[in-house]
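# A structural model of the following input is requested.
(one chain, ligands or ions: 2)
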Amino acid sequence: MTAIAKLFRTTAFKISLAYLVVAAIGAGLVLARAGWNVEKLIDAQIAQTVDTDITGLAEQYSEGGIGRLVQAVQRRSEQPGGGLYLVTTHAGEPIVGNVANLPPGVLAQPGLVETDYLRASDLTTPHRALARIFALPGGFRLLVGHDIDEALRMRRIFAGALVTSLIWLVIIGTIGGLWVARHVLRRVDTINAKAKTIVAGDLSGRLPLAGTGDELDRLVQNLNSMLDRISVLVTGLNEVSDNIAHDLKTPLTRLRSRAEQALQFAETPEDYRLALEKVIDESDALIRVFDALLMIARAEAGAGPEGMVDFDAAGVARDVGELYEPLAEDRGINLALETEPGLILHGSRELIGQALANLVDNALKYGTPQSDAEKLAQPDVVVAAKRQGKLVEISVADHGPGIAAGDRDRVKERFVRLENSRSRPGSGLGLALAAAVARLHKGTLRFEDNSPGLKAVLALPAAAAIPAKLAQPARSQTGAAA
Ligand SMILES: Nc1ncnc2c1ncn2[C@@H]1O[C@H](COP(=O)(O)OP(=O)(O)O)[C@@H](O)[C@H]1O
Ligand SMILES: [Mg+2]
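Ligands and ions are numbered 1, 2, ... in the order given. All right, here's what the predicted structure looks like:
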């Protein structure tokens, strides 16, 4: 497509063209109307002059008959000006007047006519006249009229002005339209060129602003904020995949070396059996990591509204408590449950249950049993669910080492495990899931000091506080925070 063809196809040019057409119609109407008015005025003036002439001549005729009339016409014919007079005989022969020639038949019909004629003083150039014709007794004909060449010239001037102004309008309009289109197009072209480099991979690039604050600038601003958001998401995504690749490599390597060792050193079927069992254990751990990652991804993608139900938070707390009771007993930890009735949440019961399970799992894993006396004063681990304004807060408090204030955000990221926890089993995904579930439900996960120990609080909006359509998943928060 040539550059000029491109210009013609721009919206800016089409809009200019539309304005041009409207302006041309408007100008045409105004000029035509003015011309018409002027012509009517001139016509009226001519008609009036003719009528005055006729009145005068009629007086002469009624006073002195055809003789006086001829004399009067003779006088008037000799006066300068546009007045036209002619008296003919019954046979059409001119008796007196300043009209030399008329098209045949004009004198035959009395009344008002517009006709060509030749002037007695100038027999070469035909003129045009508006005339009234009378049939007089005795077969005489009287023509009284006026030259209208002046009016015709006026009409031609108006028509000429109309045409030239329309031509100028079209020329100026087209040039203006092209200029506007080119001006706008140049900006669109630079934006397009920059967009291409961004598409080609330069995600740090931004579209150029003209600084005029017009709609194009606003569009560019919005596109730029979109790009900002995308690059944050992409960076987050890159980090997450790096982490995942890195953190899965270790257990896979371990898995492989166990199999390799078995091949090298195992001798009896019992050796092989043990080795295979270890391989299965390692595989199970890997599968658990994948499950956790998938669940986080699911929570971050936002479970559809079909998975969202109303349910009692206290019920979930009870279920999770029961599930971990045996494990707590094994570790010599006493687990207490404190709930209030009527804590209705709207959301995914399964995901919230899993988030709470992860918090309880941590409390049992990192929390330490207290002395018997202390246990009496306060249970080692307390799982509580209570109403806090518009929120339902589900908390798990333990008496372990807690998490330093500076680490409380970091531990919510995938695969983050604090230094002193490395000896315990785990993959660093438990809190990441809990945080993602909180975000999905438009809630938060926060940590408080239980002095000593940690209190992890899952604060979620109570069902009544959520609008009916609920919890459109918090997509805008996903990804980057992981
Ligand atoms: N109750 C707790 N007390 C002290 N530290 C904790 C507690 N819960 C979590 N943490 C710290 O946060 C880290 C991340 O926890 P999590 O995401 O559940 O991973 P994992 O339990 O697999 O290590 C843990 O490795 C630990 O260092
Ligand atoms: Mg954990």
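
# Who are the contact partners of the closest residue to ligand 2 within the stretch 101-250 of the chain?
With Cβ to the ion as the measure, the residue in the stretch 101-250 of the chain that lies nearest ligand 2 is Asp247; the distance is 14.1 Å. For every residue, glycine as well, the C-beta is placed using N, CA and C. Asp247 sits next to 289, 415, 427-428 when contact means Cβ atoms under 8 Å, 6 or more residues apart in numbering.

# helix or strand for it, which one?
Here Asp247 sits within helix 215-265, counting by DSSP states H and E.

# what about that helix, average pLDDT?
Per-residue confidence for helix 215-265 averages out to 89 on the pLDDT scale.

# Briefly note if that helix comes near ligand 1.
No - for helix 215-265, no contact with ligand 1 is found by Cβ under 6 Å from any ligand atom; the gap never falls below 10.9 Å.

# can you offset everything so residue one is 269?
Sure, I'll start numbering at 269, so the last one becomes helix 483-533.

# any idea which helix or strand comes after that helix?
Next along from helix 483-533, by DSSP H and E: helix 537-569.

# Against which helices or strands is that next one packed?
The elements that helix 537-569 packs onto, with contact taken as 3 or more Cβ pairs under 8 Å, 6 or more residues apart in numbering; DSSP states H and E, are helix 483-533, helix 617-634, helix 698-708.

# Check these for me and report the most buried one.
Taking mean count of other Cβ atoms under 10 Å as the contact definition, the stretch among the helices and strands packed on helix 537-569 with the greatest mean neighbour count is helix 698-708, which reaches a mean of 26.

# Contacts (any at all) between ligand 2 and it?
Yes - applying Cβ under 5 Å from the ion, one finds helix 698-708 touching ligand 2 at Gly698.

# which other helices and strands contact the helix or strand that that helix is followed by?
Toward the C-terminus, helix 698-708 is succeeded by strand 712-717 as the next helix or strand (DSSP H and E). With contacts defined as 3+ Cβ pairs under 8 Å, 6+ apart, the packing partners of strand 712-717 are helix 698-708, strand 722-729.

# I'd like these written out as a markdown table, with mean pLDDT added.
As requested, the helices and strands packed on strand 712-717 are arranged in a markdown table below (pLDDT from 0 to 100):
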| stretch | mean pLDDT |
| --- | --- |
| helix 698-708 | 94 |
| strand 722-729 | 96 |
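
# Let me have the ones you listed in CSV, adding distance to ligand 1 as columns.
As requested, those are exported to CSV (distance: least, Cβ to the nearest ligand atom, whole Å):
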stretch, distance to ligand 1
helix 698-708, 3
strand 722-729, 4
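
# Any figure for the gap between the residue nearest to Arg599 when sequence neighbours are not counted and ligand 2?
The spatially closest residue to Arg599, leaving aside those adjacent along the chain, is Leu632, at 5.9 Å (Cβ to Cβ, 6 or more residues apart in numbering). Leu632 sits 10 Å away from ligand 2, going by Cβ to the ion, to the nearest Å.

# try Pro594
From Pro594 over to ligand 2 the distance is 18 Å, taken as Cβ to the ion.

# ditto for Val557
Counting by Cβ to the ion - Val557 and ligand 2 are separated by 12 Å.

# Contacts only, for that residue.
With contact taken as Cβ under 8 Å, 6+ apart, Val557 is in contact with 515-516, 519, 695, 697.

# pLDDT wise, what is the residue nearest to Arg599 at?
We note a pLDDT of 95 for Leu632 in this prediction.

# next one: Ala273
According to the model, Ala273 carries a pLDDT of 81.

# For this structure, just list every one of the strands.
Counting by DSSP state E, the chain has strands at residues 351-356, 362-365, 367-369, 379-387, 390-403, 409-415, 577-580, 603-607, 612-615, 649-656, 659-665, 712-717, 722-729.

# Pipe these into TSV and attach distance to Gln529 and mean neighbour count per row.
As requested, these are exported to TSV (distance: least, Cβ to Cβ, whole Å; neighbours: other Cβ atoms under 10 Å):
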stretch	distance to Gln529	mean neighbour count
strand 351-356	131	22
strand 362-365	138	18
strand 367-369	132	17
strand 379-387	122	15
strand 390-403	122	16
strand 409-415	126	23
strand 577-580	48	16
strand 603-607	40	17
strand 612-615	46	22
strand 649-656	39	19
strand 659-665	40	24
strand 712-717	41	17
strand 722-729	39	22
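
# For those strands, give me a markdown table that also has distance to Ile443.
A markdown table is the format used below for the strands of the chain (distance: least, Cβ to Cβ, whole Å):
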| stretch | distance to Ile443 |
| --- | --- |
| strand 351-356 | 49 |
| strand 362-365 | 56 |
| strand 367-369 | 51 |
| strand 379-387 | 42 |
| strand 390-403 | 40 |
| strand 409-415 | 43 |
| strand 577-580 | 67 |
| strand 603-607 | 79 |
| strand 612-615 | 64 |
| strand 649-656 | 70 |
| strand 659-665 | 66 |
| strand 712-717 | 62 |
| strand 722-729 | 62 |
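
# circling back to that earlier point, tell me which two in the contacts of Val557 are the farthest apart.
Of all pairs drawn from the contacts of Val557, the one with the longest distance (Cβ to Cβ) is Pro519 and Leu697, at 12.7 Å.

# What is the longest helix belonging to the chain packed up against?
For the chain, the longest helix by residue count, based on DSSP state H, is helix 279-346. Here helix 279-346 is seen to pack against strand 351-356, strand 362-365, strand 390-403, strand 409-415, helix 417-467 when contacts are counted using 3+ Cβ pairs under 8 Å, 6+ apart.

# Residue of the stretch 269-418 of the chain closest to ligand 2, please.
Closest approach between the stretch 269-418 of the chain and ligand 2, counting by Cβ to the ion: Thr279, at 57.3 Å.

# Pretty sure Ala553 sits against Pro519.
Yes - the pair Ala553 and Pro519 qualifies as a contact (Cβ atoms under 8 Å) at a distance of 6.2 Å.

# List the buried residues of stretch 453-470.
453, 455, 459, 462, 466 (16 or more other Cβ atoms under 10 Å).

# where does this structure have low pLDDT?
When residues are selected by pLDDT under 70, those of the chain lie in 269, 571-573, 733-750.

# State the distance from Thr392 to Gln646.
Distance of Thr392 to Gln646, given as Cβ to Cβ, to the nearest Å: 130 Å.

# quick one on the thing from earlier: tell me the angle of the longest helix of the chain relative to helix 417-467?
Put simply, helix 279-346 runs at 170 degrees to helix 417-467, going by axes from the mean of the first three to the mean of the last three Cα atoms, to 10 degrees.
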